[in-house]
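1. Have a look at this prediction, sequence included:
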Amino acid sequence: MNRVFSPTCVLLAGLLLAACADQPQKQEQQLGELVGLVAGHYDTIAQVRAEAQAGAPLREALQLAIVPVHTPLIGDAVFYLQEHVVNDPRRVTAQRLVMFEVAQGVPLLVETQLAFVEPLRWRGGDASPELFRGLLPQDVKPLAGCEITWKKVEGGFDGSTNPLRCRSESRTTGETLNVELTLALRGDELTIAEKRRDGAGALVEEEPAFRFRRRAQ
């Protein structure tokens, strides 16, 4: 039996195909926007000052660098991330590579976090990004399960990890906990909040969110 398709059905099918074809292009545009927005040097000085004035427990101010690096063997949109105490680059609190790419099959962007096998070898790479031209795949290892998914929202981007997959050791007890990381990127401010839960879902560790503000260069 011959099937007869109405012009309306044909039109709708064409629109759906066009939308599907446009989605990868839209994601690539959003990827370019995200990596252009996130790159830079930040600190929490304004937050720490405001918290002190409000009588909150004093925290050390942190400085964060997210610098693009050329690592063709790793990926195209790769950045070196280094966090340290303000005015003391030797007190590094975070150091890794992060790679941004388009998610497959869903309208999201993915940030893969890569730990260094020899962290000291790459320390201070924010000031010398050419250092990473010799980086090889065996020099890093993905933090499996701790990928950050980013989505475009009004005014910027929101990111988060899957708390059921991202696991890390407790800073105080050494036990393995589930990590729930949430991020918000709005203009010149990057807010990062972290919660750590045990296997039963009980909240074990939580710090007030860090609000990193872009530094004037």
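-> Everything's here; your move. Predicted model, so just to flag it, every value in this text is computed and none were measured.
2. which strands and helices sit next to the lengthiest strand in the chain?
-> The residue-count maximum for a strand in the chain (DSSP state E) belongs to strand 88-102. Contact partners of strand 88-102 among helices and strands, from 3 or more CB pairs under 8 Å, 6 or more residues apart in numbering; DSSP states H and E: helix 7-38, strand 62-69, strand 77-85, strand 109-116. Every residue, glycine included, has its C-beta placed from N, CA and C.
3. run the last query once more with 7 Å
-> helix 7-38, strand 77-85, strand 109-116 (3 or more CB pairs under 7 Å, 6 or more residues apart in numbering; DSSP states H and E).
4. If you average pLDDT over each of those, which is lowest?
-> Ranked by mean pLDDT, the helices and strands packed on strand 88-102 bottom out at helix 7-38, with a mean of 70.
5. List the buried residues of the helix or strand following that one.
-> On the C-terminal side of helix 7-38, the nearest following helix or strand under DSSP states H and E is strand 40-43. Using 16 or more other CB atoms under 10 Å as the test for burial, strand 40-43 gives 40, 42, 43.
6. one step back: pull out the buried residues from the longest strand of the chain.
-> 95, 96, 97, 98, 99, 100, 101, 102.
7. isn't residue 92 right up against residue 85?
-> No. With contact defined as CB atoms under 7 Å, residue 92 does not count as touching residue 85 (8.4 Å).
8. quick check: mean pLDDT across stretch 175-187?
-> Mean pLDDT, stretch 175-187: 94.
9. measure residue 165 to residue 147 for me?
-> As judged by CB to CB, to the nearest Å, residue 165 and residue 147 stand 8 Å apart.
10. okay, these two: which has more neighbours?
-> Shown here are residue 165 and residue 147; by other CB atoms under 10 Å, residue 147 has more neighbours (19 against 12).
11. how close does the more buried one sit to residue 114?
-> 11 Å.
12. cool, residue 25 as well?
-> With distances taken as CB to CB, residue 25 is found 27 Å from residue 114.
13. quick one, which of the two is more surrounded?
-> Ranked by neighbour count (other CB under 10 Å), residue 25 and residue 114 place residue 114 first, with 21 against 9.
14. what distance separates the start and the end of stretch 200-213?
-> Using CA to CA, to the nearest Å, the end-to-end distance of stretch 200-213 comes to 35 Å.
15. Residue 208: neighbour count?
-> Using other CB under 10 Å, residue 208 is surrounded by 11 other residues.
16. and what of residue 216?
-> 6.
17. That one: what's it in contact with?
-> By CB atoms under 7 Å, 6 or more residues apart in numbering, no residues touch residue 216.
18. circling back to that earlier point, of the buried residues of strand 88-102, just say which sits nearest to residue 177.
-> The nearest member of the buried residues of strand 88-102 to residue 177, counting by CB to CB, is residue 96 at 18.8 Å.
19. I figured that closest one hits residue 113, correct?
-> Yes. With contact defined as CB under 7 Å, residue 96 counts as touching residue 113 (5.5 Å).
20. Need the residues touching each of the two.
-> Common neighbours of residue 96 and residue 113, using CB under 7 Å, 6+ apart, do not exist here.
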